[in-house]
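J.: no sequence on hand, only this structure:
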């Protein structure tokens, strides 16, 4: 099964254990995986035996590389199951919203690649544990999408316009970066995952959310977490002031020009700028607007807005072109619908932000 669903008996109560189990694709999410995970969460939300949930990924290479966008390519091009892209995004958004609003504590354990929808899943967990090899990124600008599944929420909570920079450049953060900006809570060795599950099973869980959450918090605080001083140096410690300065400004073209004309030969910085240089111009505008609009939105409204954006992306050519260039032909030379941010018409951008749902037909409804 692409998602392994287990219920682990404890001294008292049970743990729901969800394991993304498609290691050959870095656990990239398919529609079937999303449906299986949603069914388990829906059942556990009302099952009095289940007191907390643990979410992890199988294999050594990554927790989750995001959505399996390769599987959406034919539908985006009007072939085969043309409803698959819209269906996938709708279900993926509901899954992530379910995690944010889950009535019991959720522990996410991120290792290796945690990108796109994978970072969306981890960010939705109450407790976010990572291993030293973790790499976090929102690289959607390279495929003509946008930082999705709640990124307008969690990127906006990063310091110094770092969220904007991550979206525009697909910047890859290491474990020290993740701790520094609050995208992770605790670092454990990969071998400690099974130890943690054993410790959790040795506890008595009551089913009372506040009491169980307090017990879980104390238990995690007592783990032999790695000292941050023993971790690989972060990239942000060196660059965060530059990022804040260059990403400041009220006009997107000016911000992009400031970034691209900066002089820094650090390989990490140059990789970020190369991604921005080759990225989708429409995506750049989507990032700029989603972060601005999302600042004053509730979580539910953020999810509604982003799902509307995703639906419009499935109707436009850039997403299919980005997937083609990256995963089908692998020429890494996408031909975007507009060659530069200054060429993108305002109405093309605004079409992604038209309200579609209200409380009467909310796709994020959990009841």
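T.: Looks like it arrived, so ask away. Quick caveat, the model's predicted, so the values are computed rather than measured.
J.: what mean pLDDT does stretch 37-57 have?
T.: Stretch 37-57 shows a mean pLDDT of 98.
J.: list the buried residues of the helix or strand harbouring residue 198.
T.: For residue 198, the element it lies in under DSSP states H and E is helix 192-201. Within helix 192-201, the residues scored as buried using 16 or more other C-beta atoms under 10 Å are 192-193, 196-197, 200. Using the backbone N, CA and C atoms, a C-beta is placed for each residue, glycine as well.
J.: and stretch 354-363, by the same measure?
T.: Going by 16+ other C-beta under 10 Å, stretch 354-363 has these buried residues: 357, 363.
J.: end-to-end on that stretch?
T.: Criterion C-alpha to C-alpha, to the nearest Å; first-to-last residue distance in stretch 354-363 is 15 Å.
J.: would you map the helices across the stretch 51-200 of the chain?
T.: Along the stretch 51-200 of the chain, counting by DSSP state H, counting those that start in this stretch, helices occupy 73-76, 84-100, 117-123, 151-154, 162-169, 175-181, 192-201.
J.: I'd like those helices written out as a markdown table, with distance to residue 282 and mean pLDDT added.
T.: A markdown table is the format used below for the helices of the stretch 51-200 of the chain (distance: least, C-beta to C-beta, whole Å; pLDDT from 0 to 100):
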| stretch | distance to residue 282 | mean pLDDT |
| --- | --- | --- |
| helix 73-76 | 15 | 96 |
| helix 84-100 | 17 | 97 |
| helix 117-123 | 20 | 98 |
| helix 151-154 | 16 | 98 |
| helix 162-169 | 13 | 98 |
| helix 175-181 | 27 | 96 |
| helix 192-201 | 40 | 95 |
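J.: burial count for the nearest residue to residue 278 once chain neighbours are set aside?
T.: Closest residue to residue 278 apart from its sequence neighbours, by C-beta to C-beta, 6 or more residues apart in numbering: residue 142 at 7.1 Å. Residues lying near residue 142 (other C-beta atoms under 10 Å) number 19.
J.: for residue 89, give its distance to residue 314.
T.: Noted for residue 89: a distance of 7 Å to residue 314, by C-beta to C-beta, to the nearest Å.
J.: check contacts around the closest residue to residue 326 other than its chain neighbours.
T.: Of all residues beyond its chain neighbours, the one nearest residue 326 is residue 143 (5.9 Å), with distances taken as C-beta to C-beta, 6+ apart. By C-beta atoms under 8 Å, 6 or more residues apart in numbering, residue 143 lies in contact with 69, 280, 319, 322-323, 326.
J.: report the two of those residues separated the most.
T.: Within the contacts of residue 143, 69 and 280 form the most distant pair, 13.5 Å apart (C-beta to C-beta).
J.: if we can go back for a sec, between residue 89 and residue 314, who's got more neighbours?
T.: residue 89 (26 against 19).
J.: how about the contacts made by that one?
T.: 148, 307, 310-311, 314.
J.: mind checking pLDDT for residue 366?
T.: 64.
J.: burial of residue 301, as a residue count?
T.: 17.
J.: same for whichever strand or helix holds it, what does it pack against?
T.: Using DSSP H and E, residue 301 falls within helix 299-315. Packing contacts for helix 299-315, counted by 3 or more C-beta pairs under 8 Å, 6 or more residues apart in numbering; DSSP states H and E, involve helix 84-100, helix 151-154, helix 281-294.
J.: buried residues in the longest one?
T.: Using 16+ other C-beta under 10 Å as the burial criterion, the residues of helix 84-100 that qualify are 84-86, 88-100.
J.: check the last one too.
T.: Residues of helix 281-294 classed as buried: 281-291, 294 (neighbour count, 16+ other C-beta under 10 Å).
J.: try stretch 329-339
T.: Buried residues in stretch 329-339 (16+ other C-beta under 10 Å): 334, 336-337.
J.: can you list the residue ranges for strands in the chain?
T.: 3-9, 14-20, 50-57, 62-64, 106-110, 113-115, 127-130, 135-137, 186-187 (DSSP state E).
J.: now for these, which one comes closest to residue 298?
T.: Of the strands of the chain, the one closest to residue 298 (C-beta to C-beta) turns out to be strand 106-110, at 19.9 Å.
J.: let's have the contacts of residue 143 in TSV, adding distance to residue 173.
T.: Formatted as TSV, these follow (distance: C-beta to C-beta, whole Å):
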residue	distance to residue 173
69	21
280	21
319	24
322	22
323	24
326	21
